[in-house]
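Novice: build me a model from this:
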Amino acid sequence: MASTDLRASLAERAAAPAVLPALTAGGLTWRPATTDDAPALLDLRNTVAAADQEPYRESLAEVAELLGAPWRDLAADTVLGLDAAGALRAYGDVETMPGDTRRVRAFLWGGVHPDRRGEGIGREVFAWQEARARQVLAASGKDVPGRLAGFLEDDAPAAKVRLYERAGFTPRRYYSDLERDLRDLDTHPLPVVDLDGGLRLVPLDDEHDEPARLAHNDAFRDHWGSEPQTPEQWRNGRATYAPEWSFVVVDPAPDVAALLADPATDAETAAALRAGAPLVVGYHVGSRYTEDFAVRGHPFGYTDTLGVRRAYRGRKVAVALLAAGMRAYAADGMAVAALDVDTQNPSGAHGLYASLGYTKRHGSRLLTIEL
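Specialist: Numbers count the residues shown, from 1 in each chain. Model prediction:
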């Protein structure tokens, strides 16, 4: 990957246009999205997903959360294209996250109804998204590296791939969608882990929610593309959250002095330790994506996030958490366990998942322009 020349400011590197490109193709009428557009946007997004044979569908609650996130500027960062009858036929969205500190990311999401493809609408929406993303990065006030980013399924339509390629986006990371059958636990049982040093596995309840966020930010500090999550980011996106499938591992008697003396301990964790807050050392966040059951062909439990603090790696914390999640899925009648993993994950996650019987079902990739 080409290095980013940081001698120029991000505002300069972003090369943001003063005016966004016009949207004229297809004779559509364009306006920003509002939270009231969630039902129409859900219908369009799921129609696009079905036409492109994407392995997921969304619920109204998920789209409502996407539009209603407290940091979103829908008026500036979204466009909807409506036909003469007022039906939604295309959309574009640029999403950034408030917690980005090491690298500011702007994600591009969009789609065109399959009945309106081939009219140049997608090219214009994509040009608008890229231009708006550059404006967002330039205006961020964070003089760090920047990234324009978009995701594609490995079997995405060729027209979508060409949009990214023509704009100069390059594949940067590859992800595997993994599954583990839970209908064979009698013959392929899950491991039983005895955690050492007094570590305890307990449900992820309200008491441990904020400590789990701090554990997440520590666990993913060395993961490519990851940025810290603010409290509002961590609490948002709970439409699919399944508390009955979510767990944490807690150290009830951490060596506070040693952790405070360790330069790798982040400031938020240090403050929590001084305040006597629980120390979550690992966490498993499970989600129930009911809309996807029919697409996959069976009910499944999904591991949305799994992480272990770096100081506690090598103590089978991840195995204990993942096994607990899978047992909870099976107890609720789920046929398989599923998750998504970066193929170059630095924590050795691929080996862990393979050892527990996970196999690849699907793949996707992240394409970026680095600034």
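Novice: burial check on the nearest residue to residue 142 once chain neighbours are set aside, number of neighbours?
Specialist: Sequence neighbours aside, residue 104 is the residue nearest to residue 142 in space, at 5.0 Å (criterion: CB to CB, 6 or more residues apart in numbering). (Each C-beta comes from the backbone N, C-alpha and C, glycine too.) The number of residues packed near residue 104 is 23, by other CB atoms under 10 Å.
Novice: ok, now which ones touch residue 104?
Specialist: 10, 96, 137, 140, 142, 144-147 (CB atoms under 8 Å, 6 or more residues apart in numbering).
Novice: for those, give me JSON lines that also has secondary structure and neighbour count.
Specialist: JSON lines is the format used below for the contacts of residue 104 (DSSP: H, G, I helix; E, B strand; the rest coil; neighbours: other CB atoms under 10 Å):
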{"residue": "10", "secondary structure": "helix", "neighbour count": "22"}
{"residue": "96", "secondary structure": "coil", "neighbour count": "18"}
{"residue": "137", "secondary structure": "helix", "neighbour count": "27"}
{"residue": "140", "secondary structure": "coil", "neighbour count": "18"}
{"residue": "142", "secondary structure": "coil", "neighbour count": "14"}
{"residue": "144", "secondary structure": "coil", "neighbour count": "14"}
{"residue": "145", "secondary structure": "coil", "neighbour count": "18"}
{"residue": "146", "secondary structure": "strand", "neighbour count": "26"}
{"residue": "147", "secondary structure": "strand", "neighbour count": "20"}
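Novice: could you identify the most distant pair in these?
Specialist: 96 and 145 (14.0 Å; CB to CB).
Novice: circling back to that earlier point, so which of the contacts of residue 104 is the closest to residue 299?
Specialist: Using CB to CB, the contacts of residue 104 come closest to residue 299 at residue 96, 34.0 Å.
Novice: residue contacts, that closest one?
Specialist: By CB under 8 Å, 6+ apart, the neighbours of residue 96 are 71, 77, 104-107, 136, 140.
Novice: distance of the residue nearest the centre of the chain relative to residue 288?
Specialist: Centroid-nearest residue in the chain, with CA atoms, centre = their mean: residue 304, separated by 8.4 Å. Counting by CB to CB, to the nearest Å, the gap from residue 304 to residue 288 is 10 Å.
Novice: the residue nearest to the centre of the chain in helix, strand or coil?
Specialist: Here residue 304 is strand, with the state taken from DSSP: H, G, I helix; E, B strand; the rest coil.
Novice: that one contacts residue 285, correct?
Specialist: Yes. At 4.6 Å, residue 304 counts as touching residue 285 under the criterion of CB atoms under 8 Å.
Novice: quick check: neighbours shared by these two?
Specialist: residue 241.
Novice: which residues in this protein form helices?
Specialist: 10-14, 38-51, 60-68, 74-77, 121-138, 158-166, 206-219, 231-235, 256-261, 267-274, 293-296, 317-331, 349-355 (DSSP state H).
Novice: buried residues in the second one?
Specialist: Meaning helix 38-51. For helix 38-51, burial by neighbour count (16 or more other CB atoms under 10 Å) applies to 38, 40-42, 44-49.
Novice: and for the fourth one?
Specialist: Neighbour counts using 16+ other CB under 10 Å place 74, 77 of helix 74-77 among the buried residues.
Novice: just the CA trace of that helix, in PDB.
Specialist: Output in PDB follows, covering the C-alpha atoms of helix 74-77 (Å, rounded to 0.1, in the frame of the first residue of the first chain):
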ATOM      1  CA  LEU A  74     -28.400  13.600   7.200                       C
ATOM      2  CA  ALA A  75     -29.000  17.000   5.500                       C
ATOM      3  CA  ALA A  76     -25.400  17.200   4.300                       C
ATOM      4  CA  ASP A  77     -24.400  13.500   4.000                       C
END
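Novice: tell me what that helix is packed against?
Specialist: Applying 3 or more CB pairs under 8 Å, 6 or more residues apart in numbering; DSSP states H and E, one finds that helix 74-77 contacts strand 88-95, helix 121-138.
Novice: list the contacts for the closest residue to residue 123 other than its chain neighbours?
Specialist: Setting aside the residues directly before and after it, residue 123 is nearest to residue 163 in space (CB to CB, 6+ apart), at 6.7 Å. Residues near residue 163 by CB under 8 Å, 6+ apart: 122-123, 126.
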